[in-house]
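1. Pasting a predicted model and its sequence here:
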Amino acid sequence: MYRLPAPPRGAVPVPRGGSGPALIAVAHGSRDPRSAATMAAVVAEVAAARPDIPVRLAFLDLSTPSVDEVVDDLAGRGHTDVIVVPLLLGNAFHARVDLPALLTEAGHRHPRVRLTQAAVLGPDPLLIAAVADRVALSCRLPSLSTRVTPLVPAFPAAFADAADPLSDPPLGIAVAAVGSRDAAANRRTAVVARRLAAATGCPTEMCFATVEPGIEHAVDRLRARGAERIVVAPWFLAPGLLTDRLVAAAPEVVHAEVIGAHSALVDVIWARYDTSVATELVLSA
């Protein structure tokens, strides 16, 4: 499996077996019920990994329960220390403004409860590994999940083991994300495609569901680069209206599954939790 990232330098490692602060995993929310169901499945896996730690799911919008409802419930049950992990792939408005505002307001309601917001998931090497797994499965190649570490990703060798299926015919990967009106945010997201290309050895192109460049542009560019088979790799945690839009826009190519309840996502969520707990210990020392 994966090695969890180390805590920050100087931090005190958190024992995996001991109890600790409660964890609230905060997802975006969607009108599409598949999204909430997928995030519930993810958080069920998170809870099963450490049954001694209370784990709850909350949503920023459109789905229930809300962040306020979950914080109020945990406070009512006597919890005084809570780590809040945003289930967000980018550090944009929701992570930088919406969620901090909700937690500040909740802190005013419950002054005895310490609410600590962890870092977003981001383009973590483990999540790049999960995307590579989804691509491999969509191409009926062996899973790569047991061969990867976050420090030295072993994708090139893993894909080399299946060199013939990849090279005949040549495979290209269109990495598809939500997209933002902030061009700088889109450039930050594009690192996912570059890292996936470096990891797999396959040509990749970045595209977005809501802004340009769209999926048709990415498919055309991959074909111009010699790719005869194209897989769309969704940089999404859960399916929904936007992933449906991608499929409708390019029905002729293969679409890999979203990250979903991949073991790598579970590991990243606990890594964000552990880093926050370890940082708290250092600051309290």
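-> The structure has been received and is ready for your questions. Residues are numbered from 1 along each chain as shown.

2. pLDDT (mean, whole number) over the longest helix anywhere in the chain?
-> The single longest helix within the chain, with elements called by DSSP state H, is helix 263-284. Averaged across helix 263-284, pLDDT comes to 93.

3. Surely Val120 forms part of a strand?
-> No - membership of Val120 in a strand is not supported by DSSP: H, G, I helix; E, B strand; the rest coil, which gives coil.

4. got the contact list for it?
-> Pro86, Leu88, Leu89, Gly90, Asn91, Ala95 (Cβ atoms under 8 Å, 6 or more residues apart in numbering). Any C-beta I mention is one placed from the backbone N, CA and C, and that applies to glycine too.

5. Try it again at 6 Å.
-> Counting by Cβ atoms under 6 Å, 6 or more residues apart in numbering, Val120 touches Pro86, Leu88, Asn91, Ala95.

6. His255 too?
-> Val232, Val247.

7. Can you show me the helices along the protein?
-> Under DSSP H, the chain gives helices at 33-49, 67-76, 93, 99-109, 125-138, 155-160, 163-167, 183-189, 191-200, 215-224, 241-249, 263-284.

8. what angle separates the last one from helix 33-49?
-> Put plainly, it is helix 263-284. Comparing the axes of helix 263-284 and helix 33-49 via axes from the mean of the first three to the mean of the last three Cα atoms, to 10 degrees yields an angle of 60 degrees.

9. Next, the angle helix 125-138 makes with helix 263-284.
-> On the basis of the same axes, to 10 degrees, helix 263-284 is oriented at 180 degrees to helix 125-138.

10. what's the burial count for the nearest residue to Gly179 once chain neighbours are set aside?
-> Sequence neighbours aside, Phe208 is the residue nearest to Gly179 in space, at 2.9 Å (criterion: Cβ to Cβ, 6 or more residues apart in numbering). Per other Cβ atoms under 10 Å, the neighbour tally for Phe208 reads 23.

11. so what's Phe208 scoring on pLDDT?
-> Listed pLDDT for Phe208 reads 98.

12. from memory it sits against Arg181, does it?
-> No - counting by Cβ atoms under 6 Å, Phe208 does not reach Arg181; the two are 10.6 Å apart.

13. so where's this structure shaky on pLDDT?
-> 1-18, 142-168, 285 (pLDDT under 70).

14. I'd assumed Pro203 was in contact with Lys172.
-> Wrong residue type there; residue 172 is Gly, not Lys. Yes - the pair Gly172 and Pro203 passes the contact test of Cβ under 6 Å, sitting 4.8 Å apart.

15. could you check the distance from Ile269 over to Val26?
-> 11 Å (Cβ to Cβ, to the nearest Å).

16. Revised request: answer the last question for Asp98.
-> 10 Å.

17. So for the two, which residue has more residues nearby?
-> Just comparing Asp98 and Val26: by other Cβ under 10 Å the higher neighbour count belongs to Val26, 27 against 18.

18. For the more buried one, give me its contacts.
-> Ala58, Val67, Val84, Pro86.

19. can you pull up the bridge partners for it?
-> According to DSSP bridges, the residues that bridge with Val26 are Ala58, Pro86.

20. Start the count at 24 instead of 1 going forward.
-> All right, first residue 24 from here; so that's Val49.

21. residues near the closest residue to His285 other than its chain neighbours, how many?
-> Using Cβ to Cβ, 6+ apart and skipping residues adjacent in sequence, the residue nearest His285 is Ala153, 4.2 Å away. When neighbours are defined as other Cβ under 10 Å, Ala153 has 26 of them.

22. Could you do the one 10 residues further on as well?
-> Other residues lying near Arg163 total 8 when counted by other Cβ under 10 Å.

23. Now the spatially closest residue to Pro192 that is not a sequence neighbour: phi and psi?
-> In space, and not counting its chain neighbours, Pro192 is closest to Glu251: 3.5 Å by Cβ to Cβ, 6+ apart. The phi/psi pair for Glu251 (degrees, to the nearest 10) reads phi -100, psi -20.

24. hang on, isn't Glu251 packed against Leu194?
-> No - counting by Cβ under 6 Å, Leu194 is not a contact partner of Glu251; they are 8.0 Å apart.

25. more neighbours, those two?
-> More neighbours surround Leu194 than the other of Glu251 and Leu194, with 23 against 11 (other Cβ under 10 Å).

26. I'd guessed the more buried one sits against Ile253; true?
-> No - taking contacts as Cβ under 6 Å, Leu194 lies outside contact range of Ile253: 7.5 Å.

27. Mind listing the shared neighbours of Gly195 and Pro226?
-> Ala250.
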